[in-house]
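Undergrad: With the input below, show me the fold.
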Amino acid sequence: MACQGLQAGESLASLKRESANLKKKLDEERNKLNDVELSKVAEKVEVLSSLSIKTRRVLKGHNNKVLCMDWCKDKRRMVSSSQ
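TA: Model prediction:
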């Protein structure tokens, strides 16, 4: 492995060739999977209906955006943090 230094009998040139071969194989595998354009796949996706979002609770004490929140183990209470 190159990250452990050069092993006995390996040269920098051989490692570069191996790296180039691996990159080539990776590109070939990517090209195999890239058989359809995104726009053609997107035509087959169904249109999403509009979302119906309702406010359930208002977090009091926050003057700005809520950055993080997590539920307690009892699933009844939560803790939140803001800017």
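Undergrad: quick one: average pLDDT of the lengthiest helix in the chain?
TA: Ranked by number of residues, the top helix in the chain under DSSP state H is helix 12-33. Model confidence over helix 12-33, given as mean pLDDT, is 92.
Undergrad: Tell me the spacing between the residue nearest to the spatial centre of the chain and V36.
TA: Centrality entry for the chain: nearest residue to the mean C-alpha point is R30, 17.4 Å, by Cα atoms, centre = their mean. The span separating R30 from V36 equals 14 Å under the rule Cβ to Cβ, to the nearest Å. In short, each C-beta sits where N, CA and C put it, glycine included.
Undergrad: Next, count neighbours for A13.
TA: The number of residues packed near A13 is 8, by other Cβ atoms under 10 Å.
Undergrad: Next one: it from V36, what distance?
TA: In this structure, A13 and V36 are 39 Å apart, going by Cβ to Cβ.
Undergrad: quick one on the thing from earlier: chain center to the longest helix of the chain: distance?
TA: Distance of helix 12-33 from the chain centroid (Cα atoms, centre = their mean, to the nearest Å) equals 23 Å.
Undergrad: Please enumerate the strands of the protein.
TA: All strands of the chain, identified by DSSP state E, fall at 66-71, 78-82.
Undergrad: Make TSV out of these and add mean pLDDT.
TA: Conversion of the strands of the chain to TSV gives the following (pLDDT from 0 to 100):
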stretch	mean pLDDT
strand 66-71	89
strand 78-82	86
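Undergrad: Name the nearest residue to C68, ignoring sequence neighbours.
TA: The spatial neighbour of C68 that comes closest, neighbours along the chain excluded (Cβ to Cβ, 6 or more residues apart in numbering), is S81 at 4.9 Å.
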